[in-house]
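Participant: Following is a predicted model, sequence given first.
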Amino acid sequence: MRRDADSLAGFLDRLVGPHKRVTVFGPSPYRDLEPLLSGFDVELVHKSLPVPESRGYLTVREGERYLGSVPAAAFGELVDPARAAPWDPETRASAFRDLTGLLAGTEFTATDRHHLLATSREFEDRAARVGTGAFHAGFQSLSVFRSQFPVYERLATETDLNVTVYGVADWEPPETPGLTVRTANGGEIGEFWVLAFDGGDDPEMACALLAEATGPEETGGYRGAWTYDPETVRDLVDYLDGTYGERNP
């Protein structure tokens, strides 16, 4: 796979930012968190704090810079995040979403699509709330996209978003106003989970996620990162349009 700038692999390298440190404070380590946080390229530390387990918390730092915290009362949401539609209240008010913001630019590995889908819901919701602009999504194959079609049908028909979906052509989505489907016969489109929202009328809402498959589609396995940097997102959207748009079938 090419890793130059003119490829999704190159953009993934660009998304990966500085190393972070996650410190979990509480009376003892929160073992349920370890499988999740060990999937991120972070330094994971536990510091004993003489408080009830429910009063613990975690913090995220980048060097000496404090980025934020998540309370222990919400740790269950991190381990098993909501994966309902992006506009569902349970998904919108989520501690997992808070952690997503704190870990932007952090490389992660995932063994399945569980947390990847939960992260995708954050970006889909940002696009739905703004309701304008360009939203691009690729799920490797259109057959995988099939289960997500109701969400994207609503994004395309109930907002002013221009929604574009990418995938290997192993299923044909129904024609839907506002939804463009771009297909490829394998290549990088078949290897990457992609989400990119340009922010529409609010550039500060721009976001992008790239996850490269590291194993067969049936068993999962991904390496990825996400960003909220408007310039990087704009460059990724331009790349997708320029490479897979109508002029480049």
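Facilitator: Looks like it came in fine.
Participant: Sort out which residues of stretch 22-39 are buried, please.
Facilitator: 22, 23, 24, 25, 26, 30, 33, 36, 37, 39 (16 or more other Cβ atoms under 10 Å). Every residue, glycine included, has its C-beta placed from N, CA and C.
Participant: Restricted to helices, list these.
Facilitator: 36, 37 (DSSP state H).
Participant: Need the buried residues of stretch 22-39 in CSV (columns: pLDDT and distance to residue 143).
Facilitator: Converted to CSV, those look like this (pLDDT from 0 to 100; distance: Cβ to Cβ, whole Å):
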residue, pLDDT, distance to residue 143
22, 97, 36
23, 97, 42
24, 96, 39
25, 97, 44
26, 96, 43
30, 92, 37
33, 91, 33
36, 87, 28
37, 91, 32
39, 91, 26
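Participant: Roughly how far does the closest residue to residue 7 other than its chain neighbours sit from residue 33?
Facilitator: In this structure, residue 7 finds its nearest non-sequential neighbour in residue 188, 6.2 Å apart by Cβ to Cβ, 6 or more residues apart in numbering. Distance, residue 188 to residue 33, by Cβ to Cβ, to the nearest Å: 33 Å.
Participant: For residue 138, see how far away the residue nearest to residue 7 is.
Facilitator: Residue 188 sits 9 Å away from residue 138, going by Cβ to Cβ.
Participant: got it, and residue 130?
Facilitator: Taking Cβ to Cβ, one finds residue 130 at 20 Å from residue 138.
Participant: Tell me which of these two has more neighbours.
Facilitator: The neighbour comparison of residue 130 against residue 138 (other Cβ atoms under 10 Å) goes to residue 138, with 29 against 22.
Participant: Give me the helices and strands touching the lengthiest helix in the chain, please.
Facilitator: With secondary structure taken from DSSP H, the chain has its longest helix at helix 114-130. In terms of contacts (3 or more Cβ pairs under 8 Å, 6 or more residues apart in numbering; DSSP states H and E), helix 114-130 is packed against helix 89-92, helix 95-102, strand 132-141, helix 149-158, strand 192-197, strand 207-213, strand 222-227.
Participant: ok now that helix, how far from the chain's centre?
Facilitator: Distance of helix 114-130 from its chain centroid, counting by Cα atoms, centre = their mean, to the nearest Å, is 7 Å.
Participant: can you check stretch 111-121 too?
Facilitator: Mean-position distance between stretch 111-121 and its chain equals 7 Å (Cα atoms, centre = their mean).
Participant: Sort out which of the buried residues of stretch 22-39 are in strands and list them.
Facilitator: Secondary structure from DSSP state E places 22, 23, 24, 25, 26 of those in strands.
Participant: who's in contact with the first one?
Facilitator: The contact partners of residue 22, by Cβ atoms under 8 Å, 6 or more residues apart in numbering, come to 37, 40, 42, 43, 44, 45, 58, 59, 60.
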